[in-house]
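Participant: Turn this into a structure:
(3 chains)
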Amino acid sequence: MENGTTKKKRKAVKILQILAERYGTTPWNWHTRRDPFRVLVGTVLSHRTRDEMTDAAARAVLARYPTPESLAEAPVEILRELVRPVNFFKTKAGRLKEIAQVLCERHGGCVPDTMEDLLALPGVGRKTAACVLVYGFRIPALPVDTHVHRISNRLGVVRTERGEETERELRDLLPDPWLLLVNELLVKHGQTICRPRNPLCSQCPVQEYCDAYGGD
DNA sequence: AAAACGGGGGC
DNA sequence: GCCCCAGTTTT
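Facilitator: Modelled structure (predicted):
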């Protein structure tokens, strides 16, 4: 006998299978970003900022300050210049330095691998901490950003007001292997097709599963 | 729960 | 020119 929750789980996994085919995401694609420090720096810079700008800034910072030790000593005015392309760059420049200092003082120059320790870092919330766990350590965690929240609700996989509720409900719905993929897949989908405004529903590979699909 | 932070690119 | 955007912290 199949109850409602089981049905939802099957639907959620089916959707992710289709999106994984569409966007070509596979576990070994993460190879390039397995260094937790790089993930942490890049994710902090990405807050409220588009990918293209984030990438340039993260590379600039990491090229000059490739370790927590060097970043902790970086002059904040130079950091500001390096991260100027991203939103909130003044705040983020200071935060990056603070984070690096805490890593050196409390964690022996390493990025911690628990949610609790990550959340204690300045400027690191649940989304960023989960990104470090998933992309840096491949520990199952669920980064819920605006894309994951919006798309999960449009699809009808969850019905939630806030990101934290989305995180709780999705976690119950998805087996661990899919937790590792859901953020990457939904962000790609959200940037290309399931956009906040004017989604391209006619091109959507999961329209038949979508509560919000209106026929486009 | 809502505002503050805070700036470049797309329309 | 206006509006939006891979969040977090503070009020």
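Participant: Is DNA strand C within reach of the lowest-mean-pLDDT helix or strand in chain A?
Facilitator: Comparing helices and strands within chain A by mean pLDDT, DSSP states H and E singles out helix A:51-64 as the least confident, with a mean of 86. Yes: with Cβ under 7 Å from any atom of the strand as the measure, helix A:51-64 is seen reaching DNA strand C through A:D51, A:T54. C-beta: built from backbone N, CA, C; applies to glycine.
Participant: Name the surrounding residues that touch whichever helix or strand A:S70 is part of.
Facilitator: Counting by DSSP states H and E, the secondary-structure element that holds A:S70 is helix A:68-72. Contacts made with helix A:68-72 from outside it, assessed by Cβ atoms under 8 Å, 6 or more residues apart in numbering, are listed as A:37, A:41, A:61, A:64-65, A:96-97, A:99-101, A:103-104, A:109-111.
Participant: one step back: tell me the buried residues in the least confident helix or strand of chain A?
Facilitator: Using 16 or more other Cβ atoms under 10 Å as the burial criterion, the residues of helix A:51-64 that qualify are A:M53, A:T54, A:A56, A:A57, A:A58, A:A60, A:V61, A:L62.
Participant: Could you point out which of the residues you listed is nearest to DNA strand C?
Facilitator: Sorting the buried residues of helix A:51-64 by how near they are to DNA strand C, with Cβ to the nearest atom of the strand, puts A:T54 at the top with 6.1 Å.
Participant: so after the helix holding A:S70, what's the next helix or strand?
Facilitator: Heading towards the C-terminus - elements assigned by DSSP H and E - helix A:68-72 is followed by helix A:76-82.
Participant: Now that next one: buried residues?
Facilitator: A:L79, A:L82.
Participant: can you check stretch A:80-100 too?
Facilitator: Buried residues in stretch A:80-100, counting neighbours by 16+ other Cβ under 10 Å, are found at A:L82, A:V83, A:P85, A:V86, A:F89, A:K92, A:A93, A:R95, A:L96, A:K97, A:I99, A:A100.
Participant: and these, which of them are in strands?
Facilitator: Residues of the buried residues of stretch A:80-100 located in strands (DSSP state E): none.
Participant: just checking, which of the residues you listed belong to helices?
Facilitator: Counting by DSSP state H, those place A:L82, A:F89, A:K92, A:A93, A:R95, A:L96, A:K97, A:I99, A:A100 in helices.
Participant: Determine which two of those are furthest apart.
Facilitator: Pairwise distances across those peak at 16.4 Å for A:F89 and A:A100 (criterion: Cβ to Cβ).
Participant: Could you break chain A into its assigned domains?
Facilitator: For chain A, the structural domains run A:4-29+A:142-209, A:35-137, going by automatic domain parsing.
Participant: Going along the chain, name the helices of chain A.
Facilitator: A:4-23, A:36-46, A:51-64, A:68-72, A:76-82, A:89-106, A:115-119, A:126-131, A:137, A:146-155, A:163-173, A:176-192.
Participant: Show me what the longest one is packed up against.
Facilitator: In this structure, helix A:4-23 makes packing contacts with helix A:163-173, helix A:176-192, judged by 3 or more Cβ pairs under 8 Å, 6 or more residues apart in numbering; DSSP states H and E.
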